[in-house]
Every structure is written in structure tokens, then in C-alpha cells.
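Chemist: Model the following, please.
(2 chains)
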Amino acid sequence: MRISRRTLIAGTAGMLAAPAIVRAQGSTPIRIGEINSYTAIPAFTVPYRMGWQLAVEQVNAAGGVLGRKIEVISRDDAGRPPDAIRLAGELLNDQKVDLLSGTFLSNVGLAISDFAKQNRKLFVAGEPLSDALVWENGHRYAFRLRPSTYMQAAMLVDDAAKLNAKRWVTVSPNYEYGQSVVKWFKQLLAAKQPGVEFVGEQWPALGKIDAGATVAALAQAKPDAILNATFGPDLTNFVRQGNTRGLFEGRGVVSVLTGEPEYLEPLGDETPEGWIVTGYPVDSVTDPTNKAFIEAYKAKFNELPKMGSVVGHALITSIVAGIAKSGSVDTEKMADGFPGATFDTPFGKANWRALDHQGTLGTYVGKTALKGGKGTMVDWRYVDGTDALPPDDVVRKMRPA
Amino acid sequence: MDFVLVQLLTGLAAASSLFLVASGLTVIFGVTRVVNFSHGSLYMLGAYIGWSLLTRLPREPEWFALGVVATALATGGIGVLLETTLLRRIYRAPELLQLLATFGVVLMVQDIVLKLWGPADLSLPRPRWLRSFVVIAGERVPFFDLVLIGIGPLVLLALWLLFTRTRWGTLVRAATQDRDMVAALGVDQRLLFTSVFALGAALAGMGGALALPDGSANLQMDLTVITDAFVVVVVGGLGSVAGAYLASLLIALLQAFGIVLLPKITLVLVFAVMAVVLVLRPNGLLGRPPAEARGEAHVLALIRPASRALRLLGAAALVAALLAPLLAGPFLLSVLTEMLVAVLFAASLHFMMGPGGMASFGHAAWFGLGAYGAAFAAKFLLLPMPAGLVAAPLAAGAAAALFGWFVVRLSGVYLAMLTLAFAQIVWAAMFQSVEITGGDNGILGVWPAAWAADPRVFYWLTLALCVAGTLLLRRMLYAPFGYALRAARDSALRAEAVGLDTTRIRLAAFTLAGTAAGLAGGLSAYSNGSVFPTYISIGRSVDALVMVLLGGVQTIAGPVVGALAYTGLFDALLLVTDLWRLVLGAAIVVLVLAFPQGIAGTVQRLWLRGREA
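Modeler: Model prediction:
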């Protein structure tokens, strides 16, 4: 007896559960294994799942790739790396997927990447931001779509330097992502603006920020500007205390990820104005690809896409483009074929860099503003990922041969 | 100086928030002795229900107050439901089984809230008065902080009046001190317990609603708040409301000033405070030593050698396990490997928790230290796998002996919480030493040696080591050491009187349990190829507890059965349904109700009944 499984097959007609069928090249769908923290981080991963579901539907409606449909076999890792590794094994050995993809948390992403390296299987990471994924721990079979912590910091640093602020403080969740953002930002800003000083830092535990005390401690350092890397519930707490206590008045704030709808929406009418942020101005983008994506998403799910939706959607199109270029789902052929493959995303064209397997999907940089009691981004521009990466020789040095 | 004053006020406000949650927990524990793991869920429900009510009510202060009270009543009602349908049925079950039941409730509530309110964080739009501030010493202090600063002591006063000036309160205090005597005097305990639980739940719900102006209702808040609430309750002294307020003050103020001096202390501060307090005052700040329990502690079943039937069953299971790789595919094999590791992990906790009488909320510390020990051996010392598998139990055992020296002097929930404190300190050390441990990104590439790279070979290796470890632990329980350990558990006084050094015996048991858990951790490191701080997380410690309790504390087969049932259920559900938390939680609740002595315990009792009839 087969274990009944959660198989998601998006055919032209929609979603059907299919029994296991004899697989023959050319007639059966290409199977994409996907793992993410659906129950642990639903605020991001639920829109993400809707994003890839839409993409699967669109790809199959357009005839699939290599003459075959695609299907995604999705698993919930519960936010635990060991379970993720076991599920990767299940996808690989029992479900016979052609490649692995997904993940949100950096540690889960790195664990599956290592598993993929060990088992010589392709792994396309969607969301994890850790630089290590394509640099220190990068390898032949691992690819990563989103702009990394380095890229996020690099995208913001030009505007940060324009603030011409001398005294900076940082507030960042106390784990690798937060540490990495602060490290790169300090380094890049100091290079761009000699004489800049970092006079204080706060490291709240993720999800447990003591916002009042944190805000008061930051104000105590009398900074000219603030770098924020908190997000989610911590960000809401931080902004509310900061607003009431006047922390942001007369100070420049540079804030990573805050312009993403999933983090901006909960701020509501308390969205502080004029923060320099990375994000997704979903209510004001104008380019046709983005518009078309938003319309299709709205038609299917009756809500506006979030950043997670874009990542989920682009994950599938990037994989499909890689497979098309490789002309096969053989792992070695894909490992050769993915680098250099160009793909369409809601944000425009992007490609897989041959140098380090980083996707060049960029993100929007702009300022926060209030419109009709809701937070939004204004004065935004799209920054291509290519423009936010270090010089090639620097990357080569960080990446093992 | 102004800054000190402002930070003091901020700390006081944070203390009130902490106290609201912790007071409910301590009231419930004081009377019912239920370690209510679902208290955080009630807090989360309070936030969500509060959000639903307050966004629909007018935005004036009086309506806000009304909404908060209504939320408290609603969660109080949920508390009544929980108590009457679930907890009431298991008060007579072994200690801590209620913890297992409420853990099931936590899982269910997570999925229910996600289904009802959706995945997005819900924040309450703040009306003008909630955004206002008062200028004190030239700094802005949020008006709502001042409100909170007032609410904490007010609730404390109200609880004090309730407990000292009403007949109900007198009965509750009497029950806190001596449950059996109150029952003997003819007081309806059921009503008393239900009302106490409702009060505690209402306080949690109120805490959740009052968290809304400063933040949002989100799906992580249940687990975020529950550990802090437990810490406050234990630091204050179990059952002591005033102690809980004192502990809230201590922790919140240390936090407010601590992050100014040492910004990175956030991960470990509360647990370090708890460790220091418990080492100095084993019953918390204002707690009393637990009253000598009458009767019930001494009727624990004797541990008898396994019956012939059970031995045959065990042998058959072992043969099946030996042959499994010939039939199982790679994934099933990885699940089976994980199960074996879980068996040893659970058996090691059972060793100290059942016969040793020392429940631990931080058993993952030793599991994780074993895993890190193996990873360090492999990555830094470049030792081969066998050496890594020796390093794992040694590292964990040494740490357990060191920490155990402090731990074994305590008892009951205090002991359990001190182990949690140490586990969290170890966790924070691994999490923050990024240069050495890679922080939360962990250590990768800890793969088995070439000769064991075949999953089947590694499975057999795991089988050999885990079965040997488990059998060795079992053997020790039948040795004089095991009898001495149980003597120390059942009557420390009498054991001392016959010349047993109970502290040393308990320390030895603690160290052995840590060593065995370390071996399990080392095997887990090689089987997953990586080590992360999550190996030491609270969730991992809870897993161990759940496995032991599910199987049955008072039987030797219990942890084995529990480990197989829990990991099997978890792995199967993860593949089958999105709502695995709901199903798993419900399954745990049903199992608790059906097998109040644990699966193995209840089966054993039925079996014995059959024999004796």
C-alpha cells in the first residue's frame, strides 16, 4: 500500500491528485521537489505557496517545458533542519523528484544545500538570505534566487551615504541574518563615507524584542541615523515604541526588507515616513510584466501579491528556464545548463550567474510613506541584482573552487 | 540620570506585561499542580480575540477597557472548556501528564488560529490616546506604559484581596497548601479547580489583549511567551503571586538595563537570572519547600523484570529491526534511523525522570552537546567517525556532570526548570559563538565515514549503539545502583538513613542520562550530516518529554514505545496533511485520555489485571 501523499499537481484544469503512474520520459510531468517552513513561518510562506501555484499553472498552460508538464511536490519542514533533510531524502528517493527547491530559513537552506552536494542533486533555494549559500558554502549543485544579505545592504548603502549622517546605530535580530546585514552595511558604508561612526547597537532576540528598552537605549546613543534589520512582529513593536518616543524624528532610518508588503502591512497607519527601505511597491509598480503578474494573482487568489508570492513565482520560472536551457532534467546537465540561463520574473528579466549561482533577481529600493492610512513605498527604483554584487575576483576568493 | 529614570519606567511597564501572563500560570499551578503548557496559547487566543473585538469597538479608552475585559471573559470561558473536558479527567494521572495533554492543545490551537485568522500578523490600529506620551525628565514616556505600570500592581492587589478576603480565596489557599486535607473536609474540589483554571486563563487572555497596543497578534506569540512566563513563575516561587510580581520586576529591569551595557545578552539573560536564583534559592524567591506529599508518591509500581511474553515481543521487534534494511527504501530507513536515535534519547530522559524522579525540561542540552561534540571532533580535530561517536557521549557526560552538581540539589519543577536554564545557556553559547559553531547556520558536512556511508550500514550501526545504550540503561536499573536510585526518589530520608549518599546517586544518574543522550546526539549529527542550535532548542527538549510521557514514565518499555509512537506519528503526518499540528495535537490528547498511564503503562496494567483475575 502506498502512503497517501500530498501531491500537488497543477494541470491546465487546475489541481488534481494523481496516483503514482509509470513514468516515461516525455509523457510524465517533470517533478520539482519543494520544501518550506509552511507551518513555522506562515506569514511569508503562505503567499509564497500561492505564488508558485500560479506559476505552475501558467507554465503548464503554456505547454510546460521540454514538452512535459511540471508538477511540484511540496513538503513542510516545520522549521527544523533535520526534518528538512529527511524530507529531502523522501523527495529524492521515494518521490523521485528531478530537483530540490524552496526553503525560507538560512539554516534549513544550508542543510539541504549540503545534502544536495552529498547526493549530487540540484537544489534551487528561493528565499534564504545567507551569503554562505552561494559563497563560503557554495557548490556546483546549489543555486539561490533572492538578493542575499550582502545585496540587500549594498542596495541601501548609496542612499544611506546620501543622508550624510555621521553617527549611526544599528538594531538587528540576534542571529546570522541580522549579524550579516550589520556587518556588510558597516563595511560598505565606511568605504563609501569615510569617517562614519557606529556608536551603538541593539541585538533583540528574534520574536522577543523588548521594544521600549531597545528604543530608549538607541536614543541614548544620540545617533544621526539608524539601521534597522528587524522584521515581522519585532518590527511592529519597534516602530510603535519608536513613534511614541520620537526616536525617528529628525533622524534618517535605513531599513532592510521593511518595504515588503508582508512586513509593511501590519504597520498600518503607523508606517513611519521617509525610511529608506528595500521592498516591493505592489500598489504602484507600472511596468507591464509586474502588472500582468499582479492581475493574474489577484484573479486567482483575490488579494494583492506579497514579496513571498514573487519569490514563489520566480522560483518556478527560474527552474523552468534552467531546464529549458539544459535540455534535460539530468542533474549534471542541469548543473552545466542552469548557469547563464535567463528567466522572466514579475520584476523583469534575471539570470543565474555562472560565477556563483546567485540569481540576479533584484528588489525595489525606495522610501516609506503613508497613503490613505496605509504604508506604501514612494520614490522607488528597481535595483537589478547584478548591480549589488561585489566584483568578480572578490566573489571568487570567497567561493571554494 | 534622566535616562536611568526613563529606562526604569520602561522596565516597570515590561514587568507588568510579564506579570499578567505569569500570574495566571502560577495561580493555576499553585492549586491544581498542572504544568499548563497551553498558557501561551491562551495568551495568543487573547490577543486574537482581543483584536477581533477591539477593531470593531469604538476607539475611546472606556471601550478599550471593556474590550479587554470581554476578552478576558472569553479566554476564561475557553479555560473552563479546557479544564472540564480534558484536564479534569487526568488529575489522578502521573505527574506531568497534564503537561503532555496541554502540549497537544498547543499544537491544535496553532492550526486553529491559523485557519480562523489567517497567516498575516494582525495589528490593532492605535487611537490617539494610545499613541500619546508624557514628558518625564525631558524624555518621552508612552502613556500606555504608565497604564501598564499601574495595571500590574492593581492585578496583584486584586488577586491578594481575592485570595485573602473571600471564602473562595481561603479555600484556594488551603488547596494550595494541602489538597488532600481540603478534599477530606468536604470541599468540592472540582468547582474550585475549574474556577481557578478559568481565572488563570482569563489573566492570560487579558495579557494577550493588553499586548496589542504595543505590537500585534501573531502566530509565534504562544511559544514566545510561555517560556518567559514559566521562568517568572519559577523564579518567583511556584504558586506565589507576589513572588511572580517580584520575579517580573527583577527580570524586566535587568533586561532594560542589561541590553544597554551588553546588547547581545538578549538570548540568555532571563535564563541566566533563573539559574542564579535557583542555585541560591532552590524554591524561588518567595516559594515554600513543597509539602511532603502523602501517600501518592509511594505507590509507584515496582519495576519488575520483564515478563516472558514481553521479552519475546522485544526479541521479535529486534529481529524485525535487524531485517528492516532488507525491505525498507532509503527514506523509510532514514525515518527508522531517526526513530532509533529517538529511542535512546527518550530512554536516557526516562532513566533520570522515571526511576530517578528528576524530570527535565532541558534534556536537549545533552543531545545537542553530543551532536556538537561529534561535529567538533569531525571538523576541527579531523577525527574519524568512531572517534566522533566516542567524543559525543563524553562531551555531553562531562557537561552533565558539571551542571548536574547544581541541578540534583533541587527537586520537582524547580529541578526541571534549572535544567531548562542550563540548556538555554548552552543553546545561546552555540548560537552566538558564530566563529566556532557557525551560529544558527550550524556546522555542515558531518557525514558518516566511507564504510558507513551506505544508509543500511549506518542504520545497523545506529541500531547496535542505540539498542546497546538502551539495554545498558535498563540493566543499570536492575542493578543495586538502580534500586538505590529509586530509594532516593521514593524516600530521600530513609535512603540517607540506610547510608546511601542520595546526592551522589542522583548526580551519577544525571550524568549517565546526559552521556546516553549525548550518544544519541552524536548519531543524529552523522545521520543528518549537520548540527544546528535547534538540536538544543526547547522544542527538542519537549520532544523528549512527550515521548517519555506518551509511553509511560513508570514502565521501562515506556520510552521505547513513546519514541516510536511519537516520531512515527510525526513523520507520517508531515507527509499526509497540511494540518499535521491539529491532527498530532488531537492524537496526543486522545492518547492521554485513553492511556492515562502512558501507552506502555496502561497496556501493562491491563495485562496484569488479566493475569491476576
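Chemist: which parts of the stretch 1-150 of chain B sit against chain A?
Modeler: Residues of the stretch 1-150 of chain B lying close to chain A (CB under 8 Å from any CB of the partner chain) are B:3, B:6-7, B:10-11, B:13-14, B:110-111, B:114, B:119-123, B:125-126, B:131-133, B:139-142, B:144-145. The way it works is simple: take the backbone N, C-alpha and C, and place the C-beta from them, glycine included.
Chemist: Now the buried members of those.
Modeler: B:6-7, B:10-11, B:13-14, B:110-111, B:114, B:119-123, B:126, B:133, B:139-142, B:144-145 (16 or more other CB atoms under 10 Å in any protein chain shown).
Chemist: And residue 376, which helix or strand is it part of?
Modeler: All of this is about chain A. strand A:374-383 (DSSP states H and E).
Chemist: try again with chain B
Modeler: Assigned by DSSP H and E, residue B:376 belongs to helix B:364-379.
Chemist: Next: residue A:153.
Modeler: Here residue A:153 sits within helix A:149-162, counting by DSSP H and E.
Chemist: Who are the packing partners of that helix?
Modeler: Contact analysis of helix A:149-162 by 3 or more CB pairs under 8 Å, 6 or more residues apart in numbering or on different chains; DSSP states H and E lists helix A:176-192, strand A:252-259, strand A:276-279, strand A:363-371 as its packing neighbours.
Chemist: Most tightly packed of these?
Modeler: Scoring the helices and strands packed on helix A:149-162 by mean neighbour count under mean count of other CB atoms under 10 Å in any protein chain shown gives strand A:276-279 as the most buried, with a mean of 27.
Chemist: ranges for the strands of the stretch 1-150 of chain A?
Modeler: Using DSSP state E, counting those that start in this stretch, the strands of the stretch 1-150 of chain A run over A:9-11, A:14-16, A:30-36, A:70-76, A:99-102, A:123-125, A:142-144.
Chemist: what is the rounded mean pLDDT of the fourth one?
Modeler: It stands for strand A:70-76. The pLDDT scores in strand A:70-76 average 96.
Chemist: ditto for the second one
Modeler: The average of the pLDDT scores along strand A:14-16 is 36.
Chemist: Out of the strands of the stretch 1-150 of chain A, which gets nearest to chain B?
Modeler: Closest approach to chain B among the strands of the stretch 1-150 of chain A is made by strand A:70-76 (6.3 Å; CB to the nearest CB).
Chemist: that older thread, need the helices and strands packed on helix A:149-162 in TSV with distance to residue A:319 and mean pLDDT, can you?
Modeler: Shown next, in TSV, are the helices and strands packed on helix A:149-162 (distance: least, CB to CB, whole Å; pLDDT from 0 to 100):
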stretch	distance to residue A:319	mean pLDDT
helix A:176-192	24	94
strand A:252-259	24	96
strand A:276-279	24	96
strand A:363-371	20	96
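Chemist: out of those, which comes closest to chain B?
Modeler: With respect to chain B, and counting by CB to the nearest CB, the nearest of the helices and strands packed on helix A:149-162 is helix A:176-192 at 5.0 Å.
Chemist: ok, residues contacting the closest one?
Modeler: The contact list for helix A:176-192, computed with CB atoms under 8 Å, 6 or more residues apart in numbering or on different chains, reads A:106-107, A:129-131, A:149-150, A:152-154, A:156-158, A:160-161, A:168, A:170, A:172, A:196, A:198, A:201, A:203, A:206, A:227, A:229-230, A:254, A:256, B:434, B:439-441.
Chemist: do stretch B:217-226 as well
Modeler: Contact with stretch B:217-226 is made by A:42-43, A:207-208, A:232-233, B:21, B:37, B:39-41, B:43-44, B:47-48, B:50-51, B:106, B:109-110, B:113-114, B:117, B:119, B:121-124, B:207-208, B:211, B:538, as judged by CB under 8 Å, 6+ apart.
Chemist: Dump it to CSV, keeping only the CA atoms.
Modeler: Only the C-alpha atoms of stretch B:217-226 are listed here, as CSV (Å, rounded to 0.1, in the frame of the first residue of the first chain):
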residue,chain,number,x,y,z
ALA,B,217,-1.4,39.4,17.3
ASN,B,218,0.9,36.8,15.6
LEU,B,219,1.3,33.1,15.4
GLN,B,220,4.6,32.9,17.2
MET,B,221,3.5,34.6,20.4
ASP,B,222,2.3,31.5,22.2
LEU,B,223,5.7,29.9,22.4
THR,B,224,7.5,33.2,22.8
VAL,B,225,5.6,34.0,25.9
ILE,B,226,5.3,30.6,27.5
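Chemist: What does the pLDDT read for residue B:190?
Modeler: Note for residue B:190: predicted pLDDT of 85.
Chemist: Once you drop chain neighbours, what's closest to it?
Modeler: For residue B:190, ignoring the flanking residues on the chain, the nearest one in space by CB to CB, 6 or more residues apart in numbering or on different chains is residue B:88 at 6.7 Å.
Chemist: wait, what's in contact with that neighbour?
Modeler: Here residue B:88 is in contact with B:190, B:193, B:194 (CB under 8 Å, 6+ apart).
Chemist: and with 10 Å instead?
Modeler: B:32, B:82, B:189, B:190, B:193, B:194, B:197 (CB atoms under 10 Å, 6 or more residues apart in numbering or on different chains).
Chemist: before we move on, back to that, of all the residues in whichever helix or strand comes after the strand holding residue A:376, which ones are buried?
Modeler: Downstream of strand A:374-383, the next assigned helix or strand under DSSP H and E is helix A:392-398. Across helix A:392-398, burial judged by 16+ other CB under 10 Å covers residue A:395.
Chemist: so how many other residues sit close to the closest residue to residue A:195 other than its chain neighbours?
Modeler: Sequence neighbours aside, residue A:166 is the residue nearest to residue A:195 in space, at 6.9 Å (criterion: CB to CB, 6+ apart). Using other CB atoms under 10 Å in any protein chain shown, residue A:166 is surrounded by 13 other residues.
Chemist: same deal with residue B:609?
Modeler: Look at residue B:609: counted by other CB under 10 Å, it has 9 neighbours.
Chemist: okay, now the domains of the chain?
Modeler: In the absence of a named chain, this looks at chain A. Domain assignment for chain A by automatic domain parsing gives A:9-147+A:287-361, A:150-284+A:364-398.
Chemist: I was thinking of chain B, sorry if that wasn't clear
Modeler: For chain B, the structural domains run B:2-280, B:330-612, going by automatic domain parsing.
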